[in-house]
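Visitor: based on what follows, work out the 3D shape:
(4 chains)
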There are 4 protein chains.
Amino acid sequence: MIEWRRDFHKHAESGFLEMRTASLVARQLSKLGYSLKIAEEVMKADQRMGMPSPQKLDEHYKWAEQNGADLEWLPNFKNGMTGVVAVLETGKPGSVIAYRFDMDALDIQEEMAEGHFPFDQGFQSVNADKMHACAHDGHTSIGLGFAKTLMNNKEKLTGTIKLIFQPAEEGTRGAKSMVAAGVVDDVDVFIAMHLGTGVPTGEFVAGNSGFLATTKIDVIFKGETSHAGGKPEDGRNALMAASSAVLGLYGIPRHSAGASRVNVGVLNAGSGRNIIPGSAQMKIETRGETSEINDYIRSQAFAVLSGAAAMYGVEVATEVVGEAKSSIPSKELVDMLYDVAQSSPYFTKTIDWSTDSAGSEDATYYMEHVKANGGLATYCVVGSDLAAGHHNERFDFDEKSMLSAVDILYRSALKLNKV
Amino acid sequence: MIEWRRDFHKHAESGFLEMRTASLVARQLSKLGYSLKIAEEVMKADQRMGMPSPQKLDEHYKWAEQNGADLEWLPNFKNGMTGVVAVLETGKPGSVIAYRFDMDALDIQEEMAEGHFPFDQGFQSVNADKMHACAHDGHTSIGLGFAKTLMNNKEKLTGTIKLIFQPAEEGTRGAKSMVAAGVVDDVDVFIAMHLGTGVPTGEFVAGNSGFLATTKIDVIFKGETSHAGGKPEDGRNALMAASSAVLGLYGIPRHSAGASRVNVGVLNAGSGRNIIPGSAQMKIETRGETSEINDYIRSQAFAVLSGAAAMYGVEVATEVVGEAKSSIPSKELVDMLYDVAQSSPYFTKTIDWSTDSAGSEDATYYMEHVKANGGLATYCVVGSDLAAGHHNERFDFDEKSMLSAVDILYRSALKLNKV
Amino acid sequence: MIEWRRDFHKHAESGFLEMRTASLVARQLSKLGYSLKIAEEVMKADQRMGMPSPQKLDEHYKWAEQNGADLEWLPNFKNGMTGVVAVLETGKPGSVIAYRFDMDALDIQEEMAEGHFPFDQGFQSVNADKMHACAHDGHTSIGLGFAKTLMNNKEKLTGTIKLIFQPAEEGTRGAKSMVAAGVVDDVDVFIAMHLGTGVPTGEFVAGNSGFLATTKIDVIFKGETSHAGGKPEDGRNALMAASSAVLGLYGIPRHSAGASRVNVGVLNAGSGRNIIPGSAQMKIETRGETSEINDYIRSQAFAVLSGAAAMYGVEVATEVVGEAKSSIPSKELVDMLYDVAQSSPYFTKTIDWSTDSAGSEDATYYMEHVKANGGLATYCVVGSDLAAGHHNERFDFDEKSMLSAVDILYRSALKLNKV
Amino acid sequence: MIEWRRDFHKHAESGFLEMRTASLVARQLSKLGYSLKIAEEVMKADQRMGMPSPQKLDEHYKWAEQNGADLEWLPNFKNGMTGVVAVLETGKPGSVIAYRFDMDALDIQEEMAEGHFPFDQGFQSVNADKMHACAHDGHTSIGLGFAKTLMNNKEKLTGTIKLIFQPAEEGTRGAKSMVAAGVVDDVDVFIAMHLGTGVPTGEFVAGNSGFLATTKIDVIFKGETSHAGGKPEDGRNALMAASSAVLGLYGIPRHSAGASRVNVGVLNAGSGRNIIPGSAQMKIETRGETSEINDYIRSQAFAVLSGAAAMYGVEVATEVVGEAKSSIPSKELVDMLYDVAQSSPYFTKTIDWSTDSAGSEDATYYMEHVKANGGLATYCVVGSDLAAGHHNERFDFDEKSMLSAVDILYRSALKLNKV
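Guide: All right, here's what the predicted structure looks like:
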């Protein structure tokens, strides 16, 4: 697992560009004897959010070809259809259990200095501005290690086990397309897992409910330029629309049912000092303690955007480039996992339930879908000591925690496919 | 004329409430032998702007009944249809010439102190918050004096002469309805006249082109109240819409073709400190050096209003409560009037053309209509020394100037009906 | 107590105008044998917030003189110094316990129709737009009934008991001035009590922690009027400042530590359509789940207001007209009160702790002060069936609950002065 | 002159980078026998506006060294002190006459296609994104041609003649520093000249008064970033300040004395979607029909900027990067130039006075300074047929018009040094 992890870390690929990673994952799972579904079989193309440009996809494909991808599997993942699902049918009656592993890196430039473990060990990212700073390299490796353990112990298992290797969790862009393709339609029990998040090595959290629902939106106001001195009346001022929208967005009312957030992180408008700005781009995001609250903020935001455009006679185009729900883990499943963890030698402390705010996660799409179908779902955390916080350029986790993860997952599979 | 003027001044009636005034005007013109058209014959009810409430109309009607109105004519003017047009057909060939006289007072409380001539002479307004502070009492009296002079000299005249007594010039609300009713459809020459406006007694301006086109709009944003602490998300905030609209309105771009203006003169919103404001009312006006510029500002303003409402999920209702055009007097007619004035003993100085900014005037409706039909039109000023500026609570004009006005109008009638 | 209650209800007096009420309270307490401190002795004049105008104070004083006030006590309460504190020294060692009773009515016009109990019984408010719609008439009567019970049982009591009759709780305007005057400096145990608030007759809540800290601010922007058509550059536009402030205020960031609120409930600006608005008034309030959060929102609000004024070259004046803190009841005291209630025959259900959001309350000033000095404090609720919600024009409570209140308060005094 | 012009065109240098141009101008003037003042002698360093970065100055200096600059003169012009003034003392009594020639190119990428004369002839700009698209290459060449003519006819002249070669007219950045250095302190007559501007070859405009006063301002709002989800209260939002400023700037009132303009041409803010924007940059400009109007708009703009920063607790830094005045040519001088032009064989039509709006020009600094000292000043236009409008990437002028320019300037010198 450590070898895999370091290889993935070195060849960090960001959302929908995990072509090399997916090809190696597919080869390994296939070699282990899993039946695989990939690409269009497990992803709805038009439900992906925040896609890289076609040019970017092409460029990266070529890079993957030349940097160690499995050349047989690789062509399947062109165009950013980088999902892989491995299924283990035990042939014995039992539940369908699914585990989710995310594979993508972040758009961060990794620290290139002594004292940063990946650098010291020579497996720092070869891709500029791409870094596994959120442990997804670990998650992918755990998925492969777990796959091997399951296959080695196939005769002890019952029911069906699905291993979901997902692209583009960062920016909450990929899960929706896999759920839409039906990958958890038949699932009775769903488990997502994360390393770290502030929990130290040796501890385990059976259920985390602190995820904010979120929507990420790209906005373009399109007006008409005009010479500001000569013909001010001929312009349609995209910056005025954007400025009015900014004030309107931050002014969206609080919600009495819980926390909400809205942010305009980026605004770029205009071309020259004496030209009335004909276009303005914004990157915004909304969040809510529950999906309902986020939906409320989101719908207010769209009203603000289109109203602001109308005020100044400009057009507005919006694209949802990421989205996640809130989700409360199933109490029954959390309790079971808590018990399972008690029996693992790797954990000295088990926490049944955490409400720590944990940003946003698109694993919630699977969770809500499975729960809506009557199944059970949770999001658990395997503790891992960190060198620096998530999304930090000096992020690194404790590689030993990967073994703990495989252990707890395997124990859960033994127990849960009897549910 | 002085007697009339003082009677009208004492019984000041504001726009569409000139019921007493109109009844006396009608009686006098009728007695002089004019054929009259009144009320629905000379006004389109639905083209009136900025109407008083039905209750206000009823109350004032009762007041007029008890305060010296002509009780035979009065019923015709109920409901604010207070226009009167007198026609003198000479029976001889010649042009149709129309003169406009406005009859309404302002919503101003007259000064009640010594040194103010109407107070000293005991003809101060008996109506609280109503005052002839723009000389329309003089204009109406001049119209009657002119009517008498014409009738006395009927045999010297040719063609047709129309005397238009118009309601609600203040706020530019009445002319449109009279033009819409066709009162100047057959007119070859149109003359509007004003006393004073900064021109001293003894001077005459044959054409004034400095009128700004204008639109006056009442706006109501209607949202939903909600307890600001308990349920902020249930409100639809009319004040936020109004505030956004205010900034948007003042931000309407300048126009390269000439001066423009926009103002939000009044904003009232909300009911209680802890209640999200469910409604907001605004009084706004736009102006433009030309009708085209005003139309541009006006259309931008409507976009701002509806966009701002949409931003905050509220409704917006607008009512145009006044409107006027810009209009350039006909050069030919100005030249003729200039010559006529030279022959009058009342004027020591004649100015052919003034571009002095003179606010807005709805006489421009008649002017543009007559000019569009191939006729000639002007707006002239008969100088009159003033005690204080127009619209001031100590306003008073030099009553002697009324005679000058009748003289120049009569001379114009003699000359112009040959056009 | 019912008689008192109906008399207070009939003669409803709003904040700092409780002159008649205070004079009757003082007379009764004095008659019972309490030593009293009143007016300047128990209130810091300059710490009162949201004072009525001097004229209003004078007018109401005359009304009180003619409507049944005690004419001996009344002069003390002129100028709105309407606080009364009665002290019972038992002469035996023991704690100092204080109880707070608020006396003011709301600015609401009472329902005048059959079916409204006070109307049916003929004790509806004689003062237009003043109504006891929050049960403070009941609180005051309970205070008097409690005072009598204490005095009748003086020999059973130990320590010192203070009864605080406070003006102007509505708008959270009065408590601060009494705390500033030192009325709870020596207090070991503080109890505030409210009837109703959604809790039915027969139930008791020993501690309510759901009060939001709040600040209520009146704002005046003062600019310069100017004719909008003639001299737009001469104006300093108070409405633009206010509009910018509105958008800025609603845009104050959320706080990660808990709920916050901000509202601009009222905005009035401008005088005439064609006049650049020279002044604008706003009524705003901020709230926070904790005092710290409210302080944050409050300080941001002041920055927004002064910045917006500076943007448009206008002056801004602000006045804090009400303020309250958040406060968590003392667990020890809540537990004791819970036990006490168990022993009362009046209560069928006792709740130890409620976090129900309950608006804002200035009793929190006393609570925080007493707790800071090492004492205990709570805010309890005596259930009472309501005819309509608090602050509703048909509000009425179950008069029987007053007896329950006296009982629980008396039992608390018996037990707590041993603390 | 054509040779010079094509050399300058090919080696286009933008504002304060005219190091090569200035070195060649200095060499040529020196060779002709003029006494020269350059760099610090004719420019106040701290009065230059909109300076390139030190790095840019260094880089360009090296480019000039290697691209044909005069290596003896070049070092004087390091650091962007690229002004040159040549003085011809005739030794005979007479006025001091100054002529201004501007030398800088624009930040425009020249058209590189057939049909564009400079491209066809091979003298297109070798510097990317730098192009003489406003005829300053012509102006500089005319200046040199005129210098030669004057020297050749020195004995016919009287008084003193100054030739001012100015950097950075584009963006109105250079003139102020030369006026501040005193270059026109002793000047009796000042003439600036422009080719083209819509006037065809063979026509001459003796005075143009249509320049708008202008101020160009770069603005940086500096706040504090924070994670928008985790700690919204820790941010200080530079984008909200900028957005509020945008709305405030466009809302600066119109001025009744004449046209005004304001524009925010560029706004860039923020770094990431989920980060509260900690900085925002804007490029703005104000304009006024007169310097007074522009000063009004400018001062309002600064109030808006600092107020908006204060609203959101951020800092604002502003830099004036360009400024120009309005200026009315001296009637007496315009009349004289008009007469002079009548005598020139090169002009078939002479216009005495144009009020055509002509953007902004910093020659107005000299004009106002000379006029304030009692001298005469004008801005004249020598007609030249254009291939495309000024500031267009296909701009080109009629090279023959350079001869007309020298002729009229020489004739003016003959006549005017007798003033």
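Visitor: next one: the nearest residue to A:Gly159 once chain neighbours are set aside from A:Ser35, what distance?
Guide: Computed as Cβ to Cβ, 6 or more residues apart in numbering or on different chains, the closest residue to A:Gly159 that is not its neighbour in sequence is A:Gly94, at 2.3 Å. In short, each C-beta sits where N, CA and C put it, glycine included. Distance, A:Gly94 to A:Ser35, by Cβ to Cβ, to the nearest Å: 17 Å.
Visitor: same check, this time on A:Asp398
Guide: Remark: distance between A:Asp398 and A:Ser35 (Cβ to Cβ) = 33 Å.
Visitor: who has more neighbours, A:Gly94 and A:Ser35?
Guide: Between A:Gly94 and A:Ser35, counting by other Cβ atoms under 10 Å in any protein chain shown, A:Gly94 is the more crowded of the two (17 against 11).
Visitor: quick one: that one from chain D, how far?
Guide: In this structure, A:Gly94 lies at 40 Å from chain D, with Cβ to the nearest Cβ, to the nearest Å as the measure.
Visitor: same thing with A:Met1?
Guide: For A:Met1 relative to chain D (Cβ to the nearest Cβ), the value is 31 Å.
Visitor: can you check A:Asp129 too?
Guide: Separation of A:Asp129 from chain D (Cβ to the nearest Cβ): 13 Å.
Visitor: next, A:Thr215: phi, psi?
Guide: The phi and psi torsions at A:Thr215 (degrees, to the nearest 10) take the values phi -140, psi 130.
Visitor: what about the strands in chain A?
Guide: In chain order, chain A shows strands spanning A:35-38, A:84-89, A:96-102, A:160-166, A:189-195, A:203-205, A:213-222, A:260-269, A:279-288, A:315-324, A:349-351, A:376-382, with DSSP state E as the criterion.
Visitor: quick check: residues of the stretch 301-419 of chain A near chain D?
Guide: Applying the criterion Cβ under 8 Å from any Cβ of the partner chain, the portion of the stretch 301-419 of chain A that neighbours chain D consists of A:Ser357, A:Gly359, A:Ser360.
Visitor: filter those residues down to the buried ones and express that as a ChimeraX selection.
Guide: In ChimeraX, a selection of the buried entries from those looks like this (16 or more other Cβ atoms under 10 Å in any protein chain shown):
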select /A:359,360
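Visitor: now the residues of the stretch 301-419 of chain A next to chain D in CSV, with pLDDT and distance to chain B?
Guide: Conversion of those to CSV gives the following (pLDDT from 0 to 100; distance: Cβ to the nearest Cβ, whole Å):
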residue, pLDDT, distance to chain B
A:Ser357, 70, 21
A:Gly359, 81, 23
A:Ser360, 91, 21
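Visitor: minimum distance to chain C: which of the strands of chain A has it?
Guide: The closest approach between chain C and any of these, judged by Cβ to the nearest Cβ, belongs to strand A:260-269 at 6.2 Å.
Visitor: export the closest one to PDB, keeping only CA atoms.
Guide: The C-alpha trace of strand A:260-269 is given here as PDB (Å, rounded to 0.1, in the frame of the first residue of the first chain):
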ATOM      1  CA  SER A 260     -25.600  29.200   6.200                       C
ATOM      2  CA  ARG A 261     -22.900  30.700   4.200                       C
ATOM      3  CA  VAL A 262     -22.400  32.600   1.000                       C
ATOM      4  CA  ASN A 263     -19.200  33.800  -0.600                       C
ATOM      5  CA  VAL A 264     -18.100  35.600  -3.800                       C
ATOM      6  CA  GLY A 265     -14.600  34.400  -3.900                       C
ATOM      7  CA  VAL A 266     -13.500  35.900  -7.200                       C
ATOM      8  CA  LEU A 267     -14.700  38.700  -9.400                       C
ATOM      9  CA  ASN A 268     -12.900  39.800 -12.500                       C
ATOM     10  CA  ALA A 269     -14.400  42.500 -14.800                       C
END
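Visitor: what about it and chain D, any contact?
Guide: Yes. In terms of Cβ under 8 Å from any Cβ, part of strand A:260-269 sits within range of chain D, namely A:Arg261, A:Asn263, A:Val264, A:Gly265, A:Val266, A:Leu267, A:Asn268, A:Ala269.
Visitor: what's the average pLDDT for that strand?
Guide: The average pLDDT for strand A:260-269 rounds to 97.
Visitor: can you check stretch A:311-322 too?
Guide: Stretch A:311-322 shows an average pLDDT of 97 in the prediction.
Visitor: is that stretch up against chain C anywhere?
Guide: No. Stretch A:311-322 lies apart from chain C when judged by Cβ under 8 Å from any Cβ; the minimum separation is 13.1 Å.
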